[in-house]
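Asks: After the sequence you'll find the predicted model.
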Amino acid sequence: MLVFNPLHNLSALSARLEAFQGLVIVCYCAQWCDTCKKYETDFQQLAGEYPQHVFVWIDIEENPELLGDEDVENFPTVSVQNAQGHRFFGTLMPYISHLARLIDQIEANEGKATADGPPLLASLLAPSAQ
């Protein structure tokens, strides 16, 4: 499975994140958004190019609990996180090459986590959080 969607495979996503130590790349979207529909296809293709990471597609209207208290004002809004925290959280231009470049930069420089962003997805899906 290249891209997890909590609407369709929440238990598989939870199991995958339970012991995962790599990057989790989350795209927050909305079903009605035309930009998101195009970006989703590109996001799925990009997931195939980075099989070492977990890619997650979250519809913020269907799974608002997976966004915490954060607001999404523009699409696509992306979070790149690992067990230590967020490496990026914000809006990207809807060109998948921007996300690919961001992933490459994060892989090259595992720098310090940022405090910005919703709770880490793994913590939101942990058994004690449910």
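Replies: Alright, I've got the coordinates.
Asks: Which positions within the lowest-mean-pLDDT helix or strand in the chain qualify as buried?
Replies: Least confident helix or strand of the chain, by mean pLDDT, DSSP states H and E, is helix 121-125 with a mean of 83. The neighbour-count check on helix 121-125 (16 or more other CB atoms under 10 Å) flags Leu121, Ala122, Leu124, Leu125 as buried. Every C-beta, even on glycine, is put in place using the N, C-alpha and C of the backbone.
Asks: Determine which two of those are furthest apart.
Replies: Ala122 and Leu124 (7.4 Å; CB to CB).
Asks: hang on, the earlier thing: dump the buried residues of helix 121-125 to JSON lines, plus distance to Thr77.
Replies: Converted to JSON lines, those look like this (distance: CB to CB, whole Å):
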{"residue": "Leu121", "distance to Thr77": "14"}
{"residue": "Ala122", "distance to Thr77": "19"}
{"residue": "Leu124", "distance to Thr77": "16"}
{"residue": "Leu125", "distance to Thr77": "19"}
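Asks: List just the nearest of those to Gln45.
Replies: For these, the nearest to Gln45 is Leu121 (21.3 Å; CB to CB).
Asks: Kindly provide the distance from the residue nearest the centre of the chain to Pro119.
Replies: In the chain, the centroid-proximal residue (CA atoms, centre = their mean) is Val26; its distance is 0.6 Å. Note on Val26: its distance to Pro119, by CB to CB, to the nearest Å, is 11 Å.
Asks: now swap in Glu65 and tell me
Replies: Counting by CB to CB, the gap from Glu65 to Pro119 is 10 Å.
Asks: What's the biggest helix in the chain, counting residues?
Replies: Identified as the longest helix of the chain according to DSSP state H is helix 34-49.
Asks: show me where this structure has helices.
Replies: Applying DSSP H to the chain gives helices spanning 6-18, 34-49, 96-108, 121-125.
Asks: Now for Ser79, how many residues are close by?
Replies: Look at Ser79: counted by other CB atoms under 10 Å, it has 23 neighbours.
Asks: In the beta-sheet assignment, what are the partners of it?
Replies: Using DSSP bridges, the bridge partners assigned to Ser79 are Val26, Phe89.
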